[in-house]
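K.L.:
Below are the sequence and a predicted model for it; my questions follow.
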Amino acid sequence: MAKGKGKVNKTIRGAVKREVKLDGEEDLTYQPQTLFIDDQEKLFALMVFITSASIYIYTMYPGLPGGDSGELMATAKDFGVSHPPGYPLFTTMAAIIINFFPFGTTAWKVNLLSATIGAATNVMIYLTVKRFSTSDSAGVLACGWCGFSRVFWMWSIQGEVFSLSNFFAALIMYSVWRFTNAEGRSGKIYEAELGALICGLALTNQHTSVLFIAPTGLWVLFNLYKVQIDTYGLFKVGLWGLAGLTPYLQLPISSMFFRARVSWGDHRLFSDFKKHLLREDFGTFRLVSSAEQSTLLDNFMVYFNDSYRELTIAVWILFIVAVVMAAVKGTSKQREAMFMYVTMFSVYFLVFGSLANIKDPKGIFHGVLERFWLQPSVALCIMSGSGLGMIFSLGVARASALKYLFLSLAIGSVAYQVQRNYYDCNENDNFHFWHYSRHILNHLPKRSILLSSGDFSTNTFRYHTIGEEYRTDVMVMDMQFMQAYWFYICLMPVNFPDVSFPGMYKAGKNSVYPYYNLKKFLDENFDRFPIVMCTAVPPAEDSIAGFYEEWPFGICKKIVRVSDGNDPLEHLKTMPKINLDTMPLPDPDRYETQTWEHTMMVSMLETFVKPTTWLWNIANGLSDRDKKVEYYTKCLEMLLENIAQLDRKINEGAFSMEGLMPYVAPLHKQAGHVSLILYTFVREDPEKGAHYEGLVRHHWPIFLEWQRDTVVPQDNLHNTIKTVLATKDLSSLTLA
């Protein structure tokens, strides 16, 4: 057939359908790229999803996790608004599964949602690496190594927003590859519209996605300019982006039509909507409302050390290999895509690393920071996997049989990663937060006011009272919410119609109308409701001194009025006690300081110390000798009971001595001290004196043995301990 004569059709998946007409002009009709190229890729993707989902579901929390999970679940139950920026997409998805999935608790359903999203993220990582490098083995290795790293795994098995953030990070990178491979003007426009929708949806979950979206958007606009897109085409792309943002309508809809029992803000007002959307109370890209500032270098070292531990140094080496190979051996499309991947990673790292304001992150703040590094870690694994895939592809090109060896190595490496992190990530028997909050709620009097603040305790109470409709008579009041005007407009009429609020809460004795302080609130409600606090009194709150006191009440504190003349010993008879058989202690050897389980463990162990310290201080202030002995005796009785319970758990093998000793040793120190004080009162009685002397010589050496290898401040009591233990006959000492 002569050139230019007749019609030639050629269809390519993900390319264009070219129809060459008699006059030589081209009419380009884009054939959208399919999700899977062939049955083999579909099979690999299916196996990745099934394997990931199976492991995540098996190891996920069976009940309530810690942190923000309780709040996210409670808000979703009533279709309320979560903490800034609101997370409307996750809230809507969680609300659907909570209210329409036929079985399981609220927590189990939302945990299942996160596990499913986590498995889908691994599929997107696999597909992106496979498309870039043509290597199934590299795709499997990249998604498995990332998906079963400790931090990624942990946030895929609990009801939190980070699993969805990881999904969008992988999906945006996959979209970049699709756009790079789109042919012709219509192809670029189609992929730009699809990408705009994805980017809009990503922004309705986590604002940090904009650090991937901004450089990608500029690159897409540049490419659209090159294919001479018109104004209408750009308008359509923008409309798709706006369509992706529509989940944010959930905020005003919730405020207007739903009476949620927990919800942030009054979004009927645009000013509140904007404030919430931009996280103005915290700073848009800042993690805490603090003036402290860490440096970019500080955050780089934290991220590098964490990624070295989670992903190993091999991922960083392969990242460099990927960049070099794409530049030297890659096609033009591979070079362009790798350039964008590196740009996205770098922008995220430089911007977020400069703005993240957690100075010297330790403990739970380290946990806060590391979860926000998950998105660049997804990018890092995709780039590293792409580099490895290019190496694999070169090997397979020389000897096709090598692909089976590479696949075996990939599966083996993923299996090793699973085995390496399984102990830390298997939470299928973790009911710690469930038991913790149930223990507190079970011991509260009917129609109690429970004043709380902070993520740890408040969110667990919200979950049970709203998510499970348990102890709905307990009125959980967030003292942070009480400082916001919308608390009195939106939440007070729904939750606390019988409680008196004399204005708007503001800590401090100088609060005047329309503000009230804690004393004024207690004055209005103390005779009407039992009031318990599960938070520290705000530092600025000095109004209750001399009028009200906080007395230990298990993990929490009960508010008592000074003028009522309550008896501390009678109060102790009604105080809830922790039973480690029915309320297991999180294992200190397993849970590191950045976990919420560690925070709970410290809270529970402090409950063993706080009541005895409180009783000790009362005894020290008494002048009546018999009363002092009575109080010190009760203090010692409680200490010995707590030590015996912890020792029994150590002997049963539930905990190691090394893991628990930093918390048990202070109990031994205090027990020895109280025993010595009681000895000074009864040393004239040989039998009682010998009893207390024996306790001194038993408990203080245990403390000193632990203290010898531990950096603790040396005080006067240390010198007293050493002097007492070096003396054979305590009666020969002059003891104050």
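P.N.:
Noted; the coordinates are in hand.
K.L.:
Buried residues of stretch 226-233, list them for me.
P.N.:
Going by neighbour count (16 or more other Cβ atoms under 10 Å), the buried part of stretch 226-233 is 229, 233. Where you see a C-beta, it was placed from the backbone N, CA and C, and this is true even at glycine.
K.L.:
and what of stretch 175-183?
P.N.:
Here stretch 175-183 shows 175, 176, 177, 178, 179, 180, 181, 182, 183 as buried, counting by 16+ other Cβ under 10 Å.
K.L.:
centre of the chain versus that stretch, how much separation?
P.N.:
Relative to its chain's centre, stretch 175-183 lies at 34 Å (Cα atoms, centre = their mean, to the nearest Å).
K.L.:
I'd like the numbering to begin with 424 instead of 1 from here.
P.N.:
Okay, using 424 as the starting number, the last item reads as stretch 598-606.
K.L.:
mean confidence for it?
P.N.:
For stretch 598-606, the mean per-residue pLDDT is 94.
K.L.:
With stretch 680-693 instead?
P.N.:
Mean pLDDT, computed over stretch 680-693, is 90.
K.L.:
what's the span of that stretch, first residue to last?
P.N.:
Terminal residues of stretch 680-693 are spaced 16 Å apart (Cα to Cα, to the nearest Å).
K.L.:
Flag every buried residue along it.
P.N.:
Judged by neighbour count (16+ other Cβ under 10 Å), stretch 680-693 contains these buried residues: 683, 684, 685, 686, 687, 688, 689, 690.
K.L.:
Quick one: residues contacting the third one.
P.N.:
This points to residue 685. Taking Cβ atoms under 8 Å, 6 or more residues apart in numbering, we find residue 685 in contact with 494, 497, 498, 501, 503, 885, 889, 914.
K.L.:
quick one, strands of the chain?
P.N.:
Using DSSP state E, the strands of the chain run over 432-433, 439-443, 449-453, 872-875, 898-901, 927-928, 938-939, 954-957, 971-976, 979-984.
K.L.:
For residue 1117, find the nearest of these.
P.N.:
Of all the strands of the chain, strand 971-976 sits nearest to residue 1117, with 28.3 Å by Cβ to Cβ.
K.L.:
Rank the contacts of residue 685 by pLDDT and give me only the lowest.
P.N.:
Lowest pLDDT within the contacts of residue 685 is found at residue 914 (91).
K.L.:
right, and out of the buried residues of stretch 598-606, which lies closest to residue 458?
P.N.:
Using Cβ to Cβ, those come closest to residue 458 at residue 601, 9.9 Å.
K.L.:
Low-confidence stretches in this structure?
P.N.:
Applying pLDDT under 70 to the chain picks out residues 424-453, 706-717, 780-785, 820-821, 1131-1140, 1154-1159.
K.L.:
Can you name the two of the buried residues of stretch 680-693 that sit furthest apart?
P.N.:
The two members of these with the most space between them (Cβ to Cβ) are 684 and 690, at 16.2 Å.
K.L.:
now residue 1094: how far from residue 1125?
P.N.:
From residue 1094 across to residue 1125, the span is 9 Å (Cβ to Cβ, to the nearest Å).
K.L.:
quick one, which of those two is more surrounded?
P.N.:
Counted by other Cβ atoms under 10 Å, residue 1094 and residue 1125 do not tie: residue 1094 has more neighbours, with 25 against 19.
K.L.:
Now do stretch 490-504: distance from first to last residue.
P.N.:
This stretch, stretch 490-504, spans 17 Å end to end (Cα to Cα).
K.L.:
Give the buried residues for that stretch.
P.N.:
Of the residues in stretch 490-504, 490-504 count as buried by neighbour count, 16+ other Cβ under 10 Å.
K.L.:
can you pull the contacts of the residue nearest the centre of the chain?
P.N.:
Central residue of the chain (Cα atoms, centre = their mean): residue 490, 5.2 Å from the mean position. When contacts are counted by Cβ under 8 Å, 6+ apart, residue 490 touches 583, 878, 879, 882, 1019.
K.L.:
Tell me the spacing between the second one and residue 840.
P.N.:
Using Cβ to Cβ, one gets 30 Å for the distance from residue 878 to residue 840.
K.L.:
In contact with residue 570, which residues?
P.N.:
Neighbouring residues of residue 570 by Cβ under 8 Å, 6+ apart: 475, 541, 542, 544, 545, 548, 576, 579.
K.L.:
which residue packs closest to the first one, ignoring adjacent ones?
P.N.:
It stands for residue 475. Spatial nearest neighbour of residue 475, chain neighbours left out: residue 542 (3.8 Å); criterion: Cβ to Cβ, 6 or more residues apart in numbering.
K.L.:
wait, isn't residue 565 in contact with residue 808?
P.N.:
Yes. Checked against Cβ atoms under 8 Å, the pair residue 565 and residue 808 is within contact range at 2.6 Å.
K.L.:
Identify the residues contacting residue 508.
P.N.:
Listed by Cβ under 8 Å, 6+ apart, the contact partners of residue 508 are 630, 699, 700, 701, 702.
K.L.:
where's residue 1087 relative to residue 857, distance?
P.N.:
From residue 1087 to residue 857 the distance is 25 Å (Cβ to Cβ).
K.L.:
no wait, residue 1063
P.N.:
According to Cβ to Cβ, residue 1063 and residue 857 sit 30 Å apart.
K.L.:
if we can go back for a sec, what's the overlap in contacts for residue 565 and residue 808?
P.N.:
By Cβ under 8 Å, 6+ apart, residue 565 and residue 808 have these common neighbours: 548, 552.
K.L.:
Of residue 1063 and residue 857, give the one with the bigger neighbour count.
P.N.:
In this view residue 1063 and residue 857 are compared by other Cβ under 10 Å, and residue 857 has more residues nearby, 21 against 16.
K.L.:
for the residue nearest to that one when sequence neighbours are not counted, phi and psi?
P.N.:
With sequence-adjacent residues excluded and distances taken as Cβ to Cβ, 6+ apart, residue 857 is closest to residue 486, at 4.1 Å. Main-chain torsions, residue 486, degrees, to the nearest 10: phi -140, psi -140.
K.L.:
which residues does residue 486 contact?
P.N.:
For residue 486, the contacting residues are 528, 530, 531, 853, 854, 856, 857, by Cβ under 8 Å, 6+ apart.
K.L.:
can you rerun that using 10 Å?
P.N.:
Taking Cβ atoms under 10 Å, 6 or more residues apart in numbering, we find residue 486 in contact with 528-531, 534, 850, 853-858, 861, 886, 891.
K.L.:
Looks like residue 948 contacts residue 942 (just checking).
P.N.:
No. Under the criterion of Cβ atoms under 10 Å, residue 948 is not in contact with residue 942, lying 11.3 Å apart.
K.L.:
on that earlier part again, what would the buried residues of stretch 598-606 look like in JSON lines with distance to residue 679?
P.N.:
Converted to JSON lines, the buried residues of stretch 598-606 look like this (distance: Cβ to Cβ, whole Å):
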{"residue": "598", "distance to residue 679": "34"}
{"residue": "599", "distance to residue 679": "38"}
{"residue": "600", "distance to residue 679": "41"}
{"residue": "601", "distance to residue 679": "38"}
{"residue": "602", "distance to residue 679": "38"}
{"residue": "603", "distance to residue 679": "43"}
{"residue": "604", "distance to residue 679": "44"}
{"residue": "605", "distance to residue 679": "41"}
{"residue": "606", "distance to residue 679": "46"}
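K.L.:
of all these, which comes closest to residue 865?
P.N.:
Nearest to residue 865 among the buried residues of stretch 598-606, with distances taken as Cβ to Cβ, is residue 598, at 49.6 Å.
K.L.:
That closest one and residue 615, how far apart?
P.N.:
9 Å.
K.L.:
try residue 953
P.N.:
Residue 953 sits 60 Å away from residue 615, going by Cβ to Cβ.
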